[in-house]
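S.K.: Have a look at this prediction, sequence included:
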Amino acid sequence: VRVTTVARTLVDLARHDRRDAIMAADAALREHLVDRTEIDRAVTGARGWPGVRQARAVLALADAGAESPLESLLRLAMHDDDFPAPELQFEVAGYAVDLAIPGWGLLIEADGRQKYLGPSDRRVDDALWREKRREQALRRITRWRVERVLWEDVEPRNWPRTAARLRGF
């Protein structure tokens, strides 16, 4: 069976759907299924194809530091809305934060439900309590804003409200 390379598949995906492409490209880089050179070569090989400019632009944003599809979509939305490029897995006060914009004093946690799910309600409560204490410590130690972004916050119809909140107004 003939198949395309990971890099070529990412280019094809990015030519047609930016959101799916950024999630796939971040994951492929993170899992070492492809490297930046392979992606660049595949984009160059697609010169003249429909959608290749879009592919080049979205794949240039791919980052192995993104740990979840939500982080990938959030970064894409921020890029499209002219936010400064966030730092991924930002270390501050002994904690790792999903994204940060240091110049704005902003820490962002991309919160999916998965990190709070456990086999019993007690484990969920413990996870929520640890996360609340962690967030309080980050605010106290850094004096930065901590914002949580959920899946629904990055949906196109909800993004303007989310962007305003992240900008602080």
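M.R.: All right, it came through fine.

S.K.: so where's the protein uncertain?
M.R.: Across the chain, the ranges flagged by pLDDT under 70 are 112-129, 131-132, 134.

S.K.: Which of the three states applies to Asp40?
M.R.: Look at Asp40: counting by DSSP: H, G, I helix; E, B strand; the rest coil, its state is helix.

S.K.: measure it to Arg139 for me?
M.R.: Between Asp40 and Arg139 the distance is 40 Å, computed by C-beta to C-beta, to the nearest Å. Where C-beta positions appear, they are placed from N, C-alpha and C, glycine not excepted.

S.K.: what do you get for Glu38?
M.R.: On the measure of C-beta to C-beta, Glu38 and Arg139 end up 41 Å apart.

S.K.: which of those two has more neighbours?
M.R.: Between Glu38 and Arg139, counting by other C-beta atoms under 10 Å, Glu38 is the more crowded of the two (17 against 13).

S.K.: Please tell me how far the more buried one sits from Ala24.
M.R.: For Glu38 relative to Ala24 (C-beta to C-beta), the value is 14 Å.

S.K.: ok, now Ser72?
M.R.: Separation of Ser72 from Ala24 (C-beta to C-beta) stands at 9 Å.

S.K.: Next: Ala96.
M.R.: 24 Å.

S.K.: which residue ranges form the strands in this protein?
M.R.: Assigned by DSSP state E, the strands in the chain fall at 87-92, 95-101, 106-110, 145-149.

S.K.: Same list, these, but as TSV with distance to Arg2 please.
M.R.: As requested, the strands of the chain are arranged in TSV below (distance: least, C-beta to C-beta, whole Å):
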stretch	distance to Arg2
strand 87-92	35
strand 95-101	38
strand 106-110	37
strand 145-149	40
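
S.K.: any idea which of those is most buried?
M.R.: Across the strands of the chain, averaging neighbours per residue (mean count of other C-beta atoms under 10 Å) puts strand 106-110 on top, at a mean of 22.

S.K.: So which other helices or strands are in contact with it?
M.R.: Judged by 3 or more C-beta pairs under 8 Å, 6 or more residues apart in numbering; DSSP states H and E, strand 106-110 is in contact with helix 69-80, strand 95-101, helix 121-142, strand 145-149.

S.K.: Okay, now the sheet partners of the second one, with direction.
M.R.: Sheet pairing here is set by DSSP bridges, and for strand 95-101 it gives strand 87-92 (antiparallel), strand 106-110 (antiparallel).

S.K.: What is the burial count for Glu155?
M.R.: Considering only other C-beta under 10 Å, Glu155 is surrounded by 12 other residues.
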